[in-house]
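Just a sequence and a predicted model for now, questions to come.
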Amino acid sequence: MLQRYALDDRALASAGPGADRSRLARLFGAPAWVSERTFRSMLGLTALFWLGVSLVCLVTQWRHPHDWVLVPTLPFIAVAGCLLSLPMMAASFRLAEAPIRKRMLLLGALILVLALVESAIDTGVMKLMVPLLQTKKGKIVFAPYLEWVRMNMMLYVWVFVTYATATGLFLATTLAQVRERQLLRATAAADRARLDALRLQINPHFLFNALNASVSLVSLGRNAEAERVLLRLSDFFRSSLSTTGGDMAPLSVEFEDIEAYLDIEAIRFGERLTVTLDLPEDLAAQPVPHLILQPLVENAVKHGVSRASGPAGITVSARREGDALRLEVANSPVSPGATAAGLGIGARNVQARLAVHYGPEARLSVRTDETTYRVILTLPAAEPS
C-alpha cells in the first residue's frame, strides 16, 4: 500500500534544512542535513574514540611494567586528542559532499598536521611527567625530542586516519538515510499524483456514458428513468469525490458504487441485463483502493453487455483465499474477438494502481472460456480486526 511510503515527519524535520541546531553545530559548519542529535553523536563518538585509544595504550603498557610510569600521561594525551579531533570533525562536515579526490587531499594534509601536533604534545607531556614518576629501577631513556616526535607522529597518523574513516562512514550513513527519506517522500508524492491522474482518466469516461444514457432516455420520452439516472449519477460522484486517489475504501463502499453504476446501466439496457453482486459479510470492511473495480465493470458493460444481442449478465464477487483477497468481475456472454491477451485502458489503469499500492504482491489476470469473460484481482488481504 501507500503505507510503505509513509515517512516519520519528526525524523525528516530532524534531518532536513529546517532542523533546529545549536550555535556550536553551525560554528563547526555542520550541513543542513546534520541534526543536533547527529552532531552530539559525533562529539560522543570522538570522546569514545580517544577513550579507546587510551585503553589500547594502557593494555600495551600493562604488559611492560617498566612503562607503567607512562600511564598518568594518558589522560592528557586523550584530552589533547579530543581537542585536536574537533578541527577534523569540522573539516569532515564541510567536505562531506565534496568530490572524493578533494576530500582525500585536504583531509590527508590535515591528518599530517594534527598527527604532528599530537605527537609534539605527547612527547612534551612524557618528558615533563615521566622524570617525576619513574624510579631508579626502571628508568626510561628518551631519544632526542625531535626523533621521539617523529616516531610518535607515525603512530598518530594512523590514529587520525582511523578517526577520519570512522567519522566519514558515520556521516555517509547519515547522508544516505536523509536522502532515502527524501526519495521516499518524493516517491510518495509522485505516486499520489499518478493515482489522481489515473482517477481523472476514469471518471470523465463514466460521466460521458451516464450523460449520454440520460440524453438518450430523454429523447425517447422516458423522463422518469432519465431522472433516476441523474440521481444515481449524483450518488456515485458524491462517493467518488469524497476521497482522493490515494485513499482506501471499505469493500462495501466499492460494491455500493458499483451498484449505483449498474443501476444506471440497468435503466439503459432494461431486462437484458442481469446483475449479481456477491460480497460476503466478513469481507465488507476489507480496505481496497477506491474505485478499483468500477473501470472493470464499465469494461464489462461496454465490451460485453452492449455487444450482446440477447440477455447478458455481470457478476461481481469477492472472496478470501488464504492471505489474499480475490475480486472478480465476470460478464457473459463473451463478445466476439475477446481474448485474455489484451487489456483496455481501464484495465491497464487498474493494473497500474495495484502496482502503486501493493507492488508485486498484487496482480490482475484475465480468464475466458466459451461463455464467460473474467477479470480477477488478487491482492493482500487485511487481517480481520
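On my side now, so go ahead. Numbering: from 1, shown residues only.

how many neighbours does residue 72 have?
14 (other C-beta atoms under 10 Å). C-betas here are computed from N, CA, C, even on glycine.

can you pull the pLDDT of it?
pLDDT for residue 72: 70.

Would you double-check that it falls in a helix?
Yes. Using DSSP: H, G, I helix; E, B strand; the rest coil, the assignment for residue 72 is a helix.

and the gap between it and residue 160?
According to C-beta to C-beta, to the nearest Å, residue 72 stands 23 Å off from residue 160.

Now do the SS call for residue 76.
helix.

wait, it sits on residue 123?
No. Residue 76 lies out of contact with residue 123 (C-beta atoms under 8 Å); the separation is 11.7 Å.

neighbour count winner among these two?
Set side by side, residue 76 and residue 123 show more neighbours around residue 123, with 21 against 16, by other C-beta under 10 Å.

Quick check: the gap between the more buried one and residue 290.
74 Å.

Any stretches of the stretch 151-300 of the chain with poor pLDDT?
185-206, 239-247 (pLDDT under 70).

again, only this time at 50
Scanning the stretch 151-300 of the chain with the threshold set as pLDDT under 50 gives 245.

Tell me where it has helices.
223-240, 251-269, 294-299 (DSSP state H, counting those that start in this stretch).

Can you give me the buried ones in the first one?
Along helix 223-240, the positions that meet the burial threshold by neighbour count (16 or more other C-beta atoms under 10 Å) are 225, 226, 228, 229, 230, 232, 233, 235, 236, 237, 239, 240.

and residue 336, what pLDDT?
For residue 336, the predicted pLDDT is 66.

Domain map for this protein?
Annotated domains of the chain cover 2-185, 222-380 [automatic domain parsing].

Just the endpoints, please. Distance across the last one?
Across its full length, domain 222-380 reaches 44 Å between end residues, using C-alpha to C-alpha, to the nearest Å.

Centre of the chain to it, how far?
Relative to the centre of its chain, domain 222-380 is centred 31 Å away, using C-alpha atoms, centre = their mean, to the nearest Å.

Check the first one too.
Averaging C-alpha positions (C-alpha atoms, centre = their mean) puts domain 2-185 33 Å from its chain's average.

mind listing what the closest residue to residue 332 other than its chain neighbours touches?
Excluding the flanking residues, the one nearest residue 332 by C-beta to C-beta, 6 or more residues apart in numbering is residue 372, at 4.5 Å. Residue 372 is in contact with 330, 331, 332, 333, 334, counting by C-beta atoms under 8 Å, 6 or more residues apart in numbering.

how about 10 Å then?
304, 313, 315, 330, 331, 332, 333, 334 (C-beta atoms under 10 Å, 6 or more residues apart in numbering).

Tell me the pLDDT of it.
For residue 372, pLDDT reads 89.

I'd like to know which of the helices of the stretch 151-300 of the chain lies nearest to residue 104.
helix 294-299 (56.2 Å; C-beta to C-beta).

Among the contacts of residue 372, name the ones in strands.
Residues of the contacts of residue 372 located in strands (DSSP state E): 313, 315, 330, 331, 332.

okay, those residues in JSON lines with neighbour count and distance to residue 252 next?
Shown next, in JSON lines, are these (neighbours: other C-beta atoms under 10 Å; distance: C-beta to C-beta, whole Å):
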{"residue": "313", "neighbour count": "19", "distance to residue 252": "22"}
{"residue": "315", "neighbour count": "17", "distance to residue 252": "17"}
{"residue": "330", "neighbour count": "21", "distance to residue 252": "20"}
{"residue": "331", "neighbour count": "27", "distance to residue 252": "22"}
{"residue": "332", "neighbour count": "21", "distance to residue 252": "25"}
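
rewinding a little: so which of the contacts of residue 372 comes closest to residue 255?
residue 315 (12.1 Å).

now that we're looking at the closest one, how far away is residue 272 from it?
Relative to residue 272, and taking C-beta to C-beta, residue 315 is found at 15 Å.

Can you check which of the helices of the stretch 151-300 of the chain gets nearest to residue 100?
helix 294-299 (50.3 Å).

tell me which residues of the closest one are tucked away?
So, applying 16+ other C-beta under 10 Å, buried residues of helix 294-299: 294, 295, 296, 297, 298, 299.

again with stretch 276-284
Buried-residue list, stretch 276-284, by 16+ other C-beta under 10 Å: 279, 283.

One more: stretch 167-177?
167, 168, 171, 174, 175.

Adding distance to residue 154, write these out as CSV.
Formatted as CSV, the buried residues of stretch 167-177 follow (distance: C-beta to C-beta, whole Å):
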residue, distance to residue 154
167, 21
168, 22
171, 27
174, 31
175, 32
